[in-house]
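Q: using only what follows, build the 3D model:
(one chain, ligands or ions: 2)
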Amino acid sequence: MTRGKRFQKTGGLGGHLRILVTGSAGFLGSHLCDRLLQKGHTVVGLDNFLTGRAENLAGAFAHPAFEFVDQDVVSPFDGQFDQIYHLASPASPPMYQRNPVETAKINFIGTLNAMELAKRTGARILLTSTSEVYGDPEVHPQPESYSGNVNQTGPRACYDEGKRIAETLAFDYHRQHQVDIRVVRIFNTYGPRMHTDDGRVVSQFVADALAGRDITVFGNGGQTRSFCYYADLVAGLDKMMNTDGLTGPVNLGNPEEISINEFAELVVELAGSSSRIVTRPLPIDDPKKRRPDISKAKRLLDWAPTVSLREGLIETIELQSFLLTQTQSGTRGNS
Ligand code: NAD
Ligand code: UDP
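A: Numbers count the residues shown, from 1 in each chain. Ligands and ions are numbered 1, 2, ... in the order given. Predicted coordinates for the structure are as follows:
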């Protein structure tokens, strides 16, 4: 592991590329690193562990073609890459609201630094934007042409507006400096390696169900989300990056929509849990419904999710349950 602002020179030629992944220690970034390494590329992961964990990169660290840089994207960074996947940003509402000014800086200045690097070096850059740019949507499902309904003074704005300015920067670097950009709007994605303590609904409900704790539904639970399994999403990022003549924005997500109440019941059922479902007030500006219109991704990328919510949840719960058993037996062994 190195700390600092300089990376080694590129060795990427032909099919073998040198690729930077910012936010590499996070849930999606770490799965993306694994996929790119499996494809035979050299991967440089960059992260400051704000919400990510080194253990997510255990497989990558064991790979000879992986390098890691401990770096905050708010400070400029350098290096020669063929491609840059720019993921660095907290993603869960409790995490991005913990330090909202920092969240806004990460998305604005961090993206500015990533775009500058792409401009200087000619790298293609993919920005992971979010369905949060649609705010609390008045159009349903959400197509890319919908300009959204974000409350710019609300508690979610540090992230929502942060991602909106990040998209603006990407398109301005493209128009003004001919940077080769790809902009993807990710809808709620889940799977192994999500942080169990980050408060997102899937990781929270699974952790609570496995522990037999109460599951807390915010509001009346009638709000909806559409959950995509990580493997489908990461395949979509790869397709988007490697499709020529396309800037986006393109929605990536699973249009299988479910209310949070139904989702809580499904988690309890699949985990075989005895947890009770309790309620708490709905957080401010919590979107009432969300479902991606993915016709653009289907048409331009020939991409659509292949894993149903039930299948993906079973895998996620099984793995989480296995890890829990290991921790418990480790704890017992040590005591
Ligand atoms: P995550 O929190 O697991 O990963 C984010 C990573 O970025 C973490 O490893 C974190 O330490 C790192 N990071 C944060 N600030 C940083 C900084 N200043 N410098 C360097 N690294 C920093 O979240 P995730 O779910 O893997 O999300 C990855 C990206 O995808 C984010 O940009 C997020 O906005 C976007 N996204 C995710 C979802 C989803 O449902 N998972 C939905 C929409 C958008
Ligand atoms: N939610 C919930 N209980 C929780 C966490 C979240 O009911 O413990 C709800 C939240 O209010 C929202 C939905 O689940 O309506 C999805 O929340 P999450 O934080 O995962 O992501 P969001 O899509 O809101 O960014």
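
Q: low pLDDT regions in this protein?
A: Low-confidence regions of the chain, defined here as pLDDT under 70, cover residues 1-14, 330-335.

Q: ok, 80 please
A: Scanning the chain for pLDDT under 80 picks out the ranges 1-14, 327-335.

Q: could you point out the longest helix of it?
A: helix 309-334 (DSSP state H).

Q: and that helix, how far out from the chain middle?
A: Centroid separation for helix 309-334 versus its chain: 22 Å, with Cα atoms, centre = their mean, to the nearest Å.

Q: tally up the residues packed near the closest residue to ligand 2 within the stretch 51-200 of the chain, please.
A: Residue nearest to ligand 2 within the stretch 51-200 of the chain: residue 200 (3.7 Å; Cβ to the nearest ligand atom). Just so you know, the C-beta spots here come from the backbone N, C-alpha and C atoms, and that holds for glycine as well. Close neighbours of residue 200, defined as other Cβ atoms under 10 Å, add up to 20.

Q: and what of residue 274?
A: Neighbours of residue 274 (other Cβ under 10 Å): 8.

Q: re earlier: which strands or helices does the longest helix of the chain pack on?
A: Packing partners of helix 309-334 (3 or more Cβ pairs under 8 Å, 6 or more residues apart in numbering; DSSP states H and E): strand 189-190, helix 201-211, strand 228-229, helix 260-271.

Q: buried residues in the following helix or strand past the last one?
A: Following helix 260-271 in sequence order, the next helix or strand is strand 277-280 (DSSP states H and E). Of the residues in strand 277-280, those buried under the neighbour-count criterion (16 or more other Cβ atoms under 10 Å) are residue 277.

Q: packing partners for strand 277-280?
A: Counting by 3+ Cβ pairs under 8 Å, 6+ apart, strand 277-280 packs on strand 215-218, helix 260-271.

Q: may I have the next helix-or-strand element following that strand as CSV, with CA atoms only?
A: Once the chain leaves strand 277-280, the next helix or strand it forms, by DSSP H and E, is helix 295-301. Provided in CSV are the C-alpha atoms of helix 295-301 (Å, rounded to 0.1, in the frame of the first residue of the first chain):
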residue,chain,number,x,y,z
SER,A,295,-34.8,1.2,-22.1
LYS,A,296,-31.7,3.3,-23.0
ALA,A,297,-29.3,0.7,-21.4
LYS,A,298,-31.1,-2.1,-23.2
ARG,A,299,-30.9,-0.3,-26.6
LEU,A,300,-27.4,1.1,-26.4
LEU,A,301,-25.6,-1.4,-24.2
